[in-house]
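Colleague: Provided below for reference: sequence and predicted model.
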Amino acid sequence: MVEWTDFERATIQNIFSKIDYDVVGPAALTRSDMCLVVYPWTQRYFAKFGNLYNADAISANPNVKAHGKTVLCGLERAVKNLDNIKAEYTELSVLHSEKLQVDPDNFLLLADCLTVVIAAQLGEDFTADVHAAFQKFLAVVVSALRKQYH
Ligand code: HEM
């Protein structure tokens, strides 16, 4: 069972209330310094999304953009269920492991990309304490996503 301080709860809720899902999710996947570009092996999971030929193609790809928002909506479920993230993510974990066969090391890469984009969005509000709370949230999310891997 993960314990959250009041500060951590408030900080995580606050971050998600401030960010624009249509911007942050897609940016974390597609910005030229972000996940699908910097870690090109992550592209193999998205073959059906069409043209991922180079950074420009990736950032213009509407399927990838839509998926960025899907990931943020997935994270929102965790924010709304901070005390029960593992249970909330059971199906998502099974999906990524059994059906999509995503190498779970990639979760951390995407988590880091999200952190960079959110830090840029929050600017000076992204203090060391906020960073620590967000990092903890992502660690719990990643651990929940890994839960159903055998
Ligand atoms: C923070 C980590 C992540 C979260 C919260 C997350 C969340 C989600 C969600 C909510 C879906 C949609 C599930 C559904 O349709 O029921 C999804 C699908 C998917 N995810 Fe993830 N994901 C994460 C990391 C990753 C990573 C790192 C990869 C691969 C490198 C990946 C690959 C996929 C693929 C290929 C799909 C299916 C896309 C499609 O067919 O439309 N995910 N993910």
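Modeller: Right, received. Where do you want to start?
Colleague: spell out which parts of this structure neighbour the ligand.
Modeller: 42, 45-46, 67, 70-71, 74-75, 92, 95-96, 100, 102, 106-107, 110-111, 141, 145 (C-beta under 6 Å from any ligand atom). All C-beta atoms are positioned from the backbone trio N, CA, C, and that covers glycine.
Colleague: buried subset of the residues you listed, written for PyMOL?
Modeller: This is the PyMOL syntax for the buried subset of the residues of the chain next to the ligand, where burial follows 16 or more other C-beta atoms under 10 Å:
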select buried, resi 42+46+67+71+75+92+96+102+106+107+110+111+141+145
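Colleague: just the ones of the residues of the chain next to the ligand in helices?
Modeller: Counting by DSSP state H, the part of these found in helices is H67, T70, V71, G74, L75, L92, N106, F107, L110, A111, V141, L145.
Colleague: now these in JSON lines, with pLDDT?
Modeller: Listed next are these as JSON lines, based on pLDDT from 0 to 100:
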{"residue": "H67", "pLDDT": "93"}
{"residue": "T70", "pLDDT": "94"}
{"residue": "V71", "pLDDT": "94"}
{"residue": "G74", "pLDDT": "97"}
{"residue": "L75", "pLDDT": "97"}
{"residue": "L92", "pLDDT": "97"}
{"residue": "N106", "pLDDT": "92"}
{"residue": "F107", "pLDDT": "94"}
{"residue": "L110", "pLDDT": "93"}
{"residue": "A111", "pLDDT": "94"}
{"residue": "V141", "pLDDT": "98"}
{"residue": "L145", "pLDDT": "97"}
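Colleague: farthest pair within these?
Modeller: H67 and V141 (16.7 Å; C-beta to C-beta).
Colleague: looking at this protein, which residue is nearest the ligand?
Modeller: G74 (2.9 Å; C-beta to the nearest ligand atom).
Colleague: what about the residue nearest to that residue when sequence neighbours are not counted, distance to A78?
Modeller: Distances taken as C-beta to C-beta, 6 or more residues apart in numbering place L92 nearest to G74, at 6.3 Å, with adjacent residues excluded. Counting by C-beta to C-beta, to the nearest Å, the separation of L92 from A78 is 9 Å.
Colleague: contacts only, for the closest residue to N81 other than its chain neighbours.
Modeller: Leaving aside its chain neighbours, N81 sits nearest to E88 (4.3 Å; criterion: C-beta to C-beta, 6+ apart). Going by C-beta atoms under 8 Å, 6 or more residues apart in numbering, E88 touches R77, A78, N81, A144.
Colleague: noted, bye for now.
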